[in-house]
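Asks: how would this look folded up:
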Amino acid sequence: MNQTTTNRPKRMADFYGSSYCLNTVVTRLEKESAIVEPSATYYGAEIWSWHPNKAFAMSNFKNKTEKGVRVAYFVDGHAGLISELGLAAQCVPPAAPGIGPVP
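Replies: The predicted structure is shown next:
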């Protein structure tokens, strides 16, 4: 029998545990010293672009634009905006700047 539930978390962070993702490449490389471009490699980033309106965020997500729309923090310690295209380049397949795909 199909059941529906109305028990939805009030915040995305309550569902996922956080509103940020961790870059898998960082854990696969095992050591910070293995990251050759720390200022270009992100540790984590927002799982969704929360700052612009929904239509703008969805358009950027679908079209993988080069606009800086998601907050990310990088291996060298700085934080800034990263584009959907920049995130995608490091996520699918998992890759690191200066290294390429990381299995």
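Asks: for the rest of this, base every contact and every neighbour count on C-alpha atoms.
Replies: Noted.
Asks: so which helix or strand of this structure has the lowest pLDDT on average?
Replies: helix 12-16 (a mean of 57; mean pLDDT, DSSP states H and E).
Asks: mean confidence for the next helix or strand along the chain from that one?
Replies: The helix or strand immediately downstream of helix 12-16 is strand 20-22, counting by DSSP states H and E. Here strand 20-22 scores 74 as its mean pLDDT.
Asks: check contacts around the residue nearest the centre of the chain.
Replies: For the chain, the residue nearest the mean C-alpha position is Ala45 (3.9 Å; CA atoms, centre = their mean). Going by CA atoms under 8 Å, 6 or more residues apart in numbering, Ala45 touches Tyr20, Cys21, Leu22, Asn23, Arg70, Val71, Ala72, Tyr73.
Asks: of those, select the buried ones using a ChimeraX command.
Replies: Listed next is the ChimeraX selection for buried residues among those, using 16 or more other CA atoms under 10 Å:
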select :20,23,70,71,72,73
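Asks: could I get the contacts of Ala45 as a markdown table with distance to Gly80?
Replies: A markdown table is the format used below for those (distance: CA to CA, whole Å):
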| residue | distance to Gly80 |
| --- | --- |
| Tyr20 | 14 |
| Cys21 | 15 |
| Leu22 | 15 |
| Asn23 | 15 |
| Arg70 | 8 |
| Val71 | 6 |
| Ala72 | 6 |
| Tyr73 | 6 |
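Asks: fine by me, thanks again.
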